[in-house]
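Enquirer: Pasting the sequence and the predicted model now:
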Amino acid sequence: MNEEQILGLLSSNILYLLGAILLIIIVLKGVRIVPQSEKHVVERFGRLHSVLGPGINFVIPLLDSVAHKISILERQLPTAKQDAITKDNVLVQVDTSVFYRIIEPEKTVYRIRDVDGAIATTVAGIVRAEIGKMDLDEVQSNRNQMIATIKTLVESAVDDWGIEVTRAEILDVNLDQATRDAMMQQLNAERARRAQVTEAEGHKRAVELSADAELYSSEQIAKARRIQADAEAYATEVVAKAIADHGIEAAQYQVALKQVEALNALGNGTGKQTIVLPANALEAFGDAFKMLKGGAK
């Protein structure tokens, strides 16, 4: 084998080797492995061609190129502070935070330059507009409803950017010192008013209970008097009936009974007593005893 043949053989081997290397490079360039957390935007001759999802993908080397590698993980915007004026003209400072992720990279890379800045500006405008529709008390009490409204409006605004808003948060609503002082005075006044109302209600209740007690006492006294009156009326009725049935004897019997009762009361008194009676009184008492004896029969 002469020198020319050796050179020719070496040249052909080099060509084969270069071809193999070129083939390997082409194959390597044509195979794209995309991580699970990313999507790749492929351009052909400077125009959008396709979007590569996670896993093994194939492209045409020298024609196709990966122009953008976009993370599809959820992102959080830095906490933003924006001033807003409520419906009742109170200046508040609202701290907000938004979570989002890119679901259509081809829209994101070709329709918006600064995604974070655009979303932050959109959120600020929506927050100011929504707070301007509410009084301060509503802002404090309806925070969850306001968060849901802001999330819906932001989703609608960024839909053309291929972005999904996963969560929106209102972290804090701050007031200036003058407004805080005014609210504290109002709170103290409200507490004082409630204390006065409670004290007045207690006094009113005490008066009502006292009146109820007096009314109950009066009712019981009246009831006792009515019972006593009924008893006296009944006794009178009995006496009257006896007189009607037995005539004068029944009346004399009642008079004699009273006389005997009076004499017994005098006799049962404490100490020494001297009773002076007229002469005819003994006869009256004798007649009374006779009538009582006769009545007992």
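Expert: Arrived safely, thanks for sending.

Enquirer: can you give me the strands in the chain?
Expert: Counting by DSSP state E, the chain has strands at residues 31-34, 38-44, 47-52, 55-58, 64-71, 75-76, 80-85, 91-102, 163-175.

Enquirer: neighbouring strands for the fifth one, and are they parallel or not?
Expert: Right, strand 64-71. Under the criterion DSSP bridges, strand 64-71 sits next to strand 38-44 (antiparallel) in its sheet.

Enquirer: Equivalent analysis for the fourth one, please.
Expert: Using DSSP bridges, the strands paired with strand 55-58 in its sheet are strand 31-34 (antiparallel).

Enquirer: Turn the strands of the chain into TSV, including mean neighbour count and mean pLDDT.
Expert: Yep, even glycine has a C-beta here, placed from its N, CA and C like the rest. As requested, the strands of the chain are exported to TSV (neighbours: other C-beta atoms under 10 Å; pLDDT from 0 to 100):
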stretch	mean neighbour count	mean pLDDT
strand 31-34	14	90
strand 38-44	18	93
strand 47-52	15	92
strand 55-58	12	91
strand 64-71	16	91
strand 75-76	14	92
strand 80-85	15	86
strand 91-102	18	90
strand 163-175	16	87
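
Enquirer: Can you check which of those gets nearest to Asp116?
Expert: Smallest distance to Asp116 across these (C-beta to C-beta): 7.8 Å, for strand 75-76.

Enquirer: what sits against Asp64?
Expert: Neighbour list for Asp64: Val42, Glu43, Arg44, His49, Ser50 [criterion: C-beta atoms under 8 Å, 6 or more residues apart in numbering].

Enquirer: What sits closest to Gln140 if chain neighbours are left out?
Expert: Distance criterion C-beta to C-beta, 6 or more residues apart in numbering; nearest residue to Gln140, sequence neighbours excluded, is Val173 at 6.7 Å.

Enquirer: Distance of Asp160 relative to Ala233?
Expert: 102 Å (C-beta to C-beta, to the nearest Å).

Enquirer: what does Arg143 give?
Expert: Counting by C-beta to C-beta, the gap from Arg143 to Ala233 is 78 Å.
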